[in-house]
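Q: Kindly generate the corresponding structure for this input.
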Amino acid sequence: MPDSELPVSLPDLAGHAKRWLFEDAADRWRIHDLAEAPLFPERLSIHGEKDACPHRLFVQARHVFSYCELGRLGWSGPWREMVDANIQFLLDRGRRADGFYVHRFDPRGEVFDSRADLYDQAFMLLAFAHAGRALDRPDLFGAAEALDDALNAHWRLPHSGYYEGEIAVCPPYRQNPHMHLLESFIALADVTGNPRWRRAAEHLASLCGRSFLHPETGALLEYFDAALSPLPGEEGQIVEPGHCFEWAWLFERIAHWGLSDAVAVSDRLARFGRRHGLDAERGVTINEVRIDGSVRNAAARLWPQTERLKAAIARHRRTGAPEELAEAAAAYTGLQRYFDTPAKGAWRDKLKADGDWIAEPAPGSSMYHITCALAELIDAADTPRTTR
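A: Residues are numbered from 1 along each chain as shown. All right, here's what the predicted structure looks like:
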């Protein structure tokens, strides 16, 4: 649909989003043969052809999240069977003796890379939260507790935060896996009511305010030393506007917990991201700026567009402000550019600064970003003003 034809009201945006999710994306990215290794596609060509390549654990866990959300939203496909088969596969084949989960499988489902990474563990926790609720499997909440026990026993840093495991070289430490741990802890707190998850989430929210946010500008920094202080030089100046929006969305989700600064942090992050991270000419969120707002990387991946949308919708649900709805509509319009592919339900990932696309397969990792953003939009249209 051309930009000029996109709907502008919240219910119409949500209806447009739901049709695309249900009619195009859900069947495109599903598991088509559960008798084989029950693995979701790692990537597809823009023509919809599956790529026989190694499958990363975090992508599988993200698909579990996506199909649980599709089921919750009312998709009539076999989401339950796919999720149940996949999460059991990850438990049976992916869990190591020390309680961590491996990094990659080959296309037949054999372990291809047995190393463990913090980013992967964060998404296993998210998968356990959503699959535990969707499938009514409390054993998955127990699996989440066991994984959290392993994280705390082996990777918890003495001052705050977590070591990143066996793949990433630390330092630099990154905010990104901590952000996804926070997302997973919030999800587990929501679905279980277990206070351990709220304590874990509050720990990371506090860490963000103390170490990851630039105090003068409100920008979210990316890279840190062993004390989780910003790195010196250029690396310590890098800001990804998409992550500003993603953290803003997370702080919106926990604002009702009574954290005194959650709304203020969301405000600062959204303000910085919108002021410095948007390209008005292309209508997209760009990849990187510096803390002074200067552009460092003007290309625009798909995922920052979804985070811009999530933040705007969450903030509109809290405030009802018309400018937040306008921002959500603009973000949705920008996101649609990425869905213009020969196969419906596939997408492009990297928009260059000159407006051309990088020719490459559609990454399955983006299904999580897209589903999360569109579910936020659909839910907001059903209950426009709610406290989460």
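Q: how about the strands in the stretch 201-350 of the chain?
A: Secondary structure of the stretch 201-350 of the chain by DSSP state E, counting those that start in this stretch: the strands cover 223-224, 238-239, 278-279, 284-285, 288-290, 295-297, 300-301, 350-351.
Q: hey, which of those strands is tucked in deepest?
A: By mean neighbour count, with neighbours taken as mean count of other Cβ atoms under 10 Å, strand 284-285 ranks first of the strands of the stretch 201-350 of the chain at a mean of 27. Where C-beta positions appear, they are placed from N, C-alpha and C, glycine not excepted.
Q: Tell me which helix or strand R196 sits in.
A: If you go by DSSP states H and E, R196 is part of helix 195-207.
Q: for the strands of the stretch 201-350 of the chain, which one sits closest to T333?
A: Judged by Cβ to Cβ, the one of those that comes nearest to T333 is strand 284-285, at 9.6 Å.
Q: Pull up the pairing partners for the closest one, direction included.
A: Strand pairing for strand 284-285, determined by DSSP bridges: strand 278-279 (antiparallel).
Q: Show me the contact partners of the partner strand.
A: Contacts with strand 278-279, where a contact means Cβ atoms under 8 Å, 6 or more residues apart in numbering, come from P241, V284, T285, I286, A298, A300, R308.
Q: Which secondary structure elements does the helix holding R196 sit against?
A: Secondary-structure packing of helix 195-207 (3 or more Cβ pairs under 8 Å, 6 or more residues apart in numbering; DSSP states H and E): helix 138-150, helix 175-192.
Q: With T217 as the reference, name the closest of those helices.
A: Comparison of the helices and strands packed on helix 195-207 against T217 by Cβ to Cβ identifies helix 175-192 as nearest, at 15.3 Å.
Q: Using CSV, list the CA coordinates for that closest one.
A: C-alpha atoms of helix 175-192 as CSV (Å, rounded to 0.1, in the frame of the first residue of the first chain):
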residue,chain,number,x,y,z
GLN,A,175,23.9,-2.3,27.3
ASN,A,176,22.0,-4.3,24.6
PRO,A,177,21.9,-7.8,26.3
HIS,A,178,21.1,-6.1,29.6
MET,A,179,18.1,-4.4,27.9
HIS,A,180,16.8,-7.8,26.7
LEU,A,181,17.3,-9.3,30.1
LEU,A,182,15.1,-6.5,31.5
GLU,A,183,12.5,-7.2,28.9
SER,A,184,12.5,-10.9,29.8
PHE,A,185,12.4,-10.2,33.6
ILE,A,186,9.4,-7.9,33.0
ALA,A,187,7.6,-10.5,31.0
LEU,A,188,8.3,-13.2,33.7
ALA,A,189,7.1,-10.8,36.4
ASP,A,190,3.9,-10.2,34.5
VAL,A,191,3.0,-13.8,33.8
THR,A,192,4.1,-15.4,37.1
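Q: name the helices or strands packed onto that helix?
A: On a contact count with 3+ Cβ pairs under 8 Å, 6+ apart, helix 175-192 meets helix 118-134, helix 138-150, helix 195-207, helix 241-253.
Q: follow-up on the earlier one: could you save the strands of the stretch 201-350 of the chain as a markdown table and add columns showing mean pLDDT?
A: Listed next are the strands of the stretch 201-350 of the chain as a markdown table, based on pLDDT from 0 to 100:
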| stretch | mean pLDDT |
| --- | --- |
| strand 223-224 | 98 |
| strand 238-239 | 98 |
| strand 278-279 | 98 |
| strand 284-285 | 98 |
| strand 288-290 | 98 |
| strand 295-297 | 98 |
| strand 300-301 | 98 |
| strand 350-351 | 98 |
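Q: Let me know which of those is the nearest to F141.
A: Judged by Cβ to Cβ, the one of those that comes nearest to F141 is strand 223-224, at 31.2 Å.
Q: returning to what we had before: now that we have the strands of the stretch 201-350 of the chain, can you turn them into CSV and tack on distance to E246?
A: Formatted as CSV, the strands of the stretch 201-350 of the chain follow (distance: least, Cβ to Cβ, whole Å):
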stretch, distance to E246
strand 223-224, 16
strand 238-239, 12
strand 278-279, 15
strand 284-285, 11
strand 288-290, 14
strand 295-297, 17
strand 300-301, 13
strand 350-351, 18
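Q: Which residues are in contact with A200?
A: Contacts of A200 by Cβ under 8 Å, 6+ apart are D148, L181, F185.
Q: how about a cut-off of 10 Å?
A: Counting by Cβ atoms under 10 Å, 6 or more residues apart in numbering, A200 touches L125, D148, L151, N152, L181, L182, S184, F185, I186, L188, A189, N194.
Q: ok, for the fifth one, nearest residue in space, not its chain neighbours?
A: Counting by Cβ to Cβ, 6 or more residues apart in numbering, A122 is the residue found nearest to L181 once chain neighbours are left out, at 4.6 Å.
Q: likewise the last one?
A: Take N194 and drop its neighbours on the chain: the residue closest to it by Cβ to Cβ, 6+ apart is L188, 7.0 Å away.
Q: do the first one as well
A: Spatial nearest neighbour of L125, excluding adjacent residues (Cβ to Cβ, 6+ apart): S184 at 3.7 Å.
Q: ok, now which ones touch L228?
A: L157, H159, S160, G161, P171, Y173, Q175, H178, L207, R210, S211, F212.
Q: hang on, W357 packs against R348?
A: Yes - using Cβ atoms under 10 Å, W357 makes contact with R348 at a distance of 5.0 Å.
Q: Those two - which one has more neighbours?
A: Neighbour count, other Cβ atoms under 10 Å: between W357 and R348, R348 has more, with 20 against 15.
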